[in-house]
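Chemist: Quick one, structure for this:
(chains A, B and C)
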Amino acid sequence: MPEGHTLHRLANDVWDAFGGRPVRASSPQGRFAEGAALLDGHLLRQTEAHGKHFLADFEGAGWLHIHLGLIGKMDIRPAPVPVPVGQVRLRLQNGTSYADLRGATVCEVITDEERDKLLGRLGPDPLRDDADPDLAWNRIHRSKLPIGQLLMNQDVLSGVGNVYRAEVLFRAKLNPMTPGNVVKKREWQGMWDDLLALMKYGVETGRIDTVADDHTPEAMGRDPRRDDHGGEVYVYRRQGQRCYVCQSVIRTKILAGRNLFWCPRCQRTGLTRKS
DNA sequence: TCAAGATGATCAG
DNA sequence: TGATCCTCTTGAT
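Modeler: Numbering: from 1, shown residues only, chains lettered A, B, ... in the order given. Model prediction:
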């Protein structure tokens, strides 16, 4: 379930379980056998996340680079280490913990130069202290593409996925089809600040909860969401249901290959502006 | 038992 | 824009 907060959590969790010690690495599935052999027995020196990319520095071996893609997952559990179940691409283990990686789009060992190149093309990540929102703004205000598409472009802004995209636009009252070059600077700054708060909460809790206090299940006397896709949210995957704020029916359409969700009444801002 | 779908990204045309 | 890859879960048959 990987948006940026998931990867930052993963970086913290892998460090807690394996940091500062030698790590055994293997590829039960076999597809990462060579890479695992390179890492095996080396000391884990550092872990970090940039947007949706996870990086771990193994002393004398290089960087483990993982991108979970749509369906990738890493489970970290305490020892004892069981027989692998399913398609385990990479297993990390020491005396106290083990971690199983499945379904990742990218799992590779890269050099310092390759890491620098990777990070060089990514847009600012709100969860990183060194992130500069103006770098994203420079791209957004020059583009005619819809803001709903730009927010998902990792070269513009890194770490935002389909849930945060839908929710931050709802909270900003901005229509997802608003062209980037008519979004106002203060609107962008507001979304950045909002993303920062929402994603920090996501790192702390592992959930994406975006509804304000007066729209929680308790406050509204409604049932909590039962699925595990994003916690309590305003629009994400709520198509056909009523908006918590204005009671309009939440809409959906495909934008740039992904499902977009929005409230046609609450999110009218930007609709009439021309690029 | 099987197909569809999912918080992603790339590549060909 | 559509096809493709990655793996697992859910819901329909």
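
Chemist: When you work out contacts or count neighbours from here on, use the C-alpha atoms and nothing else.
Modeler: Fine.

Chemist: And the contacts of stretch A:13-29?
Modeler: A:32-33, A:36-37, A:39-47, A:76, A:84, A:87-94, A:96-98 (CA atoms under 8 Å, 6 or more residues apart in numbering).

Chemist: Can you get me the start-to-end distance on it?
Modeler: Stretch A:13-29 stretches 23 Å from its first residue to its last (CA to CA, to the nearest Å).

Chemist: What residues does residue A:271 make contact with?
Modeler: Neighbour list for residue A:271: A:175, A:177-178 [criterion: CA under 8 Å, 6+ apart].

Chemist: Among those residues, which one lies nearest to DNA strand B?
Modeler: Nearest to DNA strand B among these is residue A:177, at 17.3 Å by CA to the nearest atom of the strand.

Chemist: How about that closest one: what's its closest non-neighbour residue?
Modeler: Distances taken as CA to CA, 6 or more residues apart in numbering put residue A:146 closest to residue A:177, at 4.6 Å, once the chain neighbours are dropped.

Chemist: Pull up the gap between the one you found and DNA strand C, please.
Modeler: Residue A:146 sits at a distance of 12 Å from DNA strand C (criterion: CA to the nearest atom of the strand, to the nearest Å).

Chemist: can you pull up the bridge partners for that residue?
Modeler: Legend: beta-bridge partners of residue A:146 under DSSP bridges are residue A:179.

Chemist: residues touching it, list them.
Modeler: By CA under 8 Å, 6+ apart, the neighbours of residue A:146 are A:176-180.

Chemist: Just the buried residues out of these, in PyMOL syntax.
Modeler: Buried members of those, defined by 16 or more other CA atoms under 10 Å, are picked up in PyMOL with:
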select buried, chain A and resi 176+177+178+179+180
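
Chemist: Out of the contacts of residue A:146, which comes closest to DNA strand C?
Modeler: residue A:177 (13.0 Å).
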